[in-house]
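Peer 1: no sequence for this one, just the structure:
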């Protein structure tokens, strides 16, 4: 059995089994595992290794697995090391975990420069965020220069993935009915690059038309912090023929370089890390407090009364806080008030 | 000087000066004021008075003040009691507070059934949310049956206002250049009703065209929880001629009734109150902890190291938590871990 120092060393050396094991620690529900994971991540943070964190969203049917395989192979053939992580907060509900079936990316799975990690089955979005961010950090430490974080285009998972990415890519199919359009509406605001897939065979013309439509729609968006000239951008690709994949990668590289040169990259990374820290502090405090059955019961009861309209939220919260800080006054903290 | 029991009694009797004073307590930066406000709100929650909470967003230039005056007068003439609250998280930056100039709603300000409260000058969005929610609750307790919460169409303030409203209305001007379109794109997702203003004189035809465009775009959106058949909807109004205002109010009423009958209303209110409680607990805990200079310094230092990439967010948070819970262990809480 590997001890944690050995695990760190092997992970830093790029050992994929060590990386898998470290991610398992991060995903574990056991406190001792997660404490070990936290210590490991802290040790690795000092190494300062950075990958391009590439968020990718696409609804079922756009050919996401095929695209990831083609895109990933394009990169590993050019000596890149590519890790693919899946975020599927709905897996517990839908039963079908994305990337669960690695056979759909058979060639990429076998490529020496690639690492593919399926989405763990779980439900809580907050927990998914922490686990994914920590898994990204582990992949970076293991020397992967590109970490692709893929998610389905449903609910809040895209926003979450966009917030932990350097660059966010939206994969779409040509045309698309009303339902598909509805899915896309909110997400356009967070995309850096829109790729219209299936630009091959009979769908090629339709893909070009769809791409032109999106390019037009993107021009209506307000310019955002970190938008290089010409971005966000829409391009066509074909995961099957490989057309457009080189251009897509070149555009991603151009945007990344522009952001690095203009300070956006570091600023965004620092803000993301700060957020992550704030989340971890808040989450950790609430977790420790809820470990006390008396506090847990008080929270549940107060929240119920508030939801029923029997108590005002602020006052109910103040009562729970009083219980809390009377039980354990912080040094120098203000006196508890009803 | 009124004591708090008298303040509550007078507020419940609909005294607008008492309402003003109570809102001042809510907006105060002083802890003792806010504790009094919390106690007052808790006392008032038991009364179970509910207003229609109507969120309204519109960018400068759409005629928002004129619309609110015409809309508010329409309601007070029909024996409604209308409170108008302004949310302007950017007031500190832009210098211009919305509703700061009450003379723009001269007639509504003087109407006996109306209460208008300008936006206080402050910066932090979280603080704005708490203050606004508490001010809404005070208006409800004072017997106002409609509380209009207005905000400018910038940044995250609309989402915040939409989350504390029963129904969210977006006010737009006819046509609009690219910039305006960009502003609207994200917000369409949260609107229950789009009103295209200035449907009078030379702009009437353009307003109808714009309205039809939006009606088409709204049909592309996915149906959301709480969408009555036919909603979200787009209508034209004229704040100047009054055309369409009666219809807008009728549509708002129809949507509210449908939501009440179908359980959406109560469910949404309970969820909002629960959220508010969670926010208050989290905020209160962080506030009390930061009151300890040692903890405050530790938080600032750890966050800085994380932003610089020198420490992993999770481990840095764990270290701060250890400091915190070692200083003040909760009864029955887990032992502190590094």
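Peer 2: Right, received. Where do you want to start? Owing to the predicted nature of the structure, the values given are computational and were not obtained by experimental measurement. Numbering: from 1, shown residues only, chains lettered A, B, ... in the order given.

Peer 1: most centrally placed residue in chain A?
Peer 2: Centroid check for chain A by Cα atoms, centre = their mean gives residue A:161 as the closest residue, at 3.2 Å.

Peer 1: so what's the residue nearest to residue A:16 when sequence neighbours are not counted up against?
Peer 2: Spatially, and ignoring its direct neighbours in sequence, residue A:16 is nearest to residue A:115 (5.5 Å; Cβ to Cβ, 6 or more residues apart in numbering or on different chains). Backbone N, C-alpha and C define where each C-beta goes, glycine included. The contact partners of residue A:115, taken as Cβ atoms under 8 Å, 6 or more residues apart in numbering or on different chains, are A:16, A:19, A:81-84, A:139, A:142, A:144.

Peer 1: just residue A:273 next, same as before
Peer 2: Contacts of residue A:273 (Cβ under 8 Å, 6+ apart): B:306-307, B:309, B:313.

Peer 1: from these, which two are the most distant?
Peer 2: B:309 and B:313 (10.2 Å; Cβ to Cβ).

Peer 1: these two: which is more packed in?
Peer 2: Neighbours per residue (other Cβ atoms under 10 Å in any protein chain shown) separate residue B:309 from residue B:313, with residue B:313 holding more: 30 against 16.

Peer 1: backbone phi and psi for residue A:172, please?
Peer 2: Backbone torsions for residue A:172, taken as degrees, to the nearest 10, come to phi -130, psi 160.

Peer 1: ignore what I typed, I meant residue A:168.
Peer 2: Per degrees, to the nearest 10, the backbone of residue A:168 is at phi -120, psi 130.

Peer 1: tell me what it is bridged to.
Peer 2: Residues in a beta bridge with residue A:168, per DSSP bridges, are residue A:55.

Peer 1: how much space between it and residue A:159?
Peer 2: 10 Å (Cβ to Cβ, to the nearest Å).

Peer 1: more neighbours: which of these two?
Peer 2: For residue A:168 versus residue A:159, neighbours defined as other Cβ under 10 Å are more numerous around residue A:168 (23 against 17).

Peer 1: let me see the contact set for that one.
Peer 2: Counted by Cβ under 8 Å, 6+ apart, residue A:168 has contacts A:54-57, A:158, A:161-162, A:190-193.

Peer 1: please pick the buried ones from those residues.
Peer 2: A:54-57, A:158, A:161-162, A:190-193 (16 or more other Cβ atoms under 10 Å in any protein chain shown).

Peer 1: in helices only, show me those.
Peer 2: Judged by DSSP state H, helices contain the following of these: A:158, A:161-162.

Peer 1: would JSON lines of those residues with pLDDT and distance to chain B be doable?
Peer 2: Formatted as JSON lines, these follow (pLDDT from 0 to 100; distance: Cβ to the nearest Cβ, whole Å):
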{"residue": "A:158", "pLDDT": "79", "distance to chain B": "13"}
{"residue": "A:161", "pLDDT": "90", "distance to chain B": "17"}
{"residue": "A:162", "pLDDT": "88", "distance to chain B": "13"}
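
Peer 1: show me the domain layout of chain A.
Peer 2: A:1-48, A:49-261, A:272-327 (automatic domain parsing).

Peer 1: which residues in chain A form strands?
Peer 2: A:52-57, A:82-87, A:114-117, A:146-151, A:167-172, A:193-196, A:233-236 (DSSP state E).

Peer 1: need the pLDDT of residue A:60.
Peer 2: In this model, residue A:60 is scored at 76, pLDDT.

Peer 1: how about the residue of the stretch 1-150 of chain A found nearest chain B: what's its closest non-neighbour residue?
Peer 2: The stretch 1-150 of chain A approaches chain B most closely through residue A:42 (3.3 Å), counting by Cβ to the nearest Cβ. With sequence-adjacent residues excluded and distances taken as Cβ to Cβ, 6+ apart, residue A:42 is closest to residue B:315, at 3.3 Å.

Peer 1: next, count neighbours for that neighbour.
Peer 2: 23.

Peer 1: report pLDDT for it.
Peer 2: Among the per-residue scores, residue B:315 holds a pLDDT of 87.

Peer 1: looking at the contacts of residue A:273, which are in helices?
Peer 2: The helices, defined by DSSP H, take in B:306-307, B:313 from these.

Peer 1: buried residues in the helix ranked longest in chain A?
Peer 2: Assignment by DSSP H gives helix A:264-290 as the longest helix of chain A. Judged by neighbour count (16+ other Cβ under 10 Å), helix A:264-290 contains these buried residues: A:264-265, A:268-270, A:272-273, A:275-286, A:288-289.

Peer 1: and that helix, how far out from the chain middle?
Peer 2: 14 Å (Cα atoms, centre = their mean, to the nearest Å).

Peer 1: average pLDDT for that helix?
Peer 2: Mean pLDDT, helix A:264-290: 89.

Peer 1: tell me what angle it forms with helix B:264-290.
Peer 2: Angle, helix A:264-290 to helix B:264-290, by axes from the mean of the first three to the mean of the last three Cα atoms, to 10 degrees: 90 degrees.

Peer 1: distance of the closest residue to residue A:190 other than its chain neighbours relative to residue A:170?
Peer 2: Nearest non-adjacent residue to residue A:190, counting by Cβ to Cβ, 6+ apart: residue A:162, 4.4 Å away. Residue A:162 sits 10 Å away from residue A:170, going by Cβ to Cβ.

Peer 1: okay, and the common contacts of the two?
Peer 2: In contact with both residue A:162 and residue A:170: residue A:57, using Cβ under 8 Å, 6+ apart.

Peer 1: neighbours around the closest residue in space to residue A:52 that isn't next to it in sequence, how many?
Peer 2: Nearest residue to residue A:52, sequence neighbours excluded (Cβ to Cβ, 6+ apart): residue A:146, at 5.0 Å. A count of neighbours around residue A:146, defined by other Cβ under 10 Å, yields 23.

Peer 1: for the stretch 151-300 of chain A, give me the ranges with low pLDDT.
Peer 2: Residue ranges of the stretch 151-300 of chain A with pLDDT under 70: A:153-156, A:176-187, A:220-221.

Peer 1: isn't the residue nearest to residue A:52 up against residue A:83?
Peer 2: Yes: in this structure, residue A:146 is within contact of residue A:83 by Cβ atoms under 8 Å, at 7.3 Å.

Peer 1: name the residues contacting each of the two.
Peer 2: Listed as contacting both residue A:146 and residue A:83 by Cβ under 8 Å, 6+ apart are residue A:51.

Peer 1: how about residue A:136: what's its closest non-neighbour residue?
Peer 2: residue A:147 (5.3 Å).

Peer 1: show me the beta-bridge partners of the one you found.
Peer 2: Beta-bridge partners, per DSSP bridges, of residue A:147: residue A:53, residue A:83.

Peer 1: do the same with residue A:196
Peer 2: In this entry, residue A:196 is beta-bridged to residue A:172, residue A:236, by DSSP bridges.

Peer 1: from residue A:69, how far out is it?
Peer 2: 18 Å.

Peer 1: also residue A:136?
Peer 2: Counting by Cβ to Cβ - residue A:136 and residue A:69 are separated by 20 Å.

Peer 1: which stretches of chain A form helices?
Peer 2: So, for chain A - with DSSP H - the helices run A:4-12, A:16-27, A:31-45, A:64-76, A:91-94, A:106-110, A:125-141, A:157-163, A:178-187, A:204-219, A:245-261, A:264-290, A:293-307, A:313-327.

Peer 1: export the ones you listed to TSV and append columns for distance to residue A:236.
Peer 2: Formatted as TSV, those follow (distance: least, Cβ to Cβ, whole Å):
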stretch	distance to residue A:236
helix A:4-12	38
helix A:16-27	34
helix A:31-45	39
helix A:64-76	12
helix A:91-94	29
helix A:106-110	22
helix A:125-141	29
helix A:157-163	21
helix A:178-187	16
helix A:204-219	5
helix A:245-261	9
helix A:264-290	27
helix A:293-307	49
helix A:313-327	50
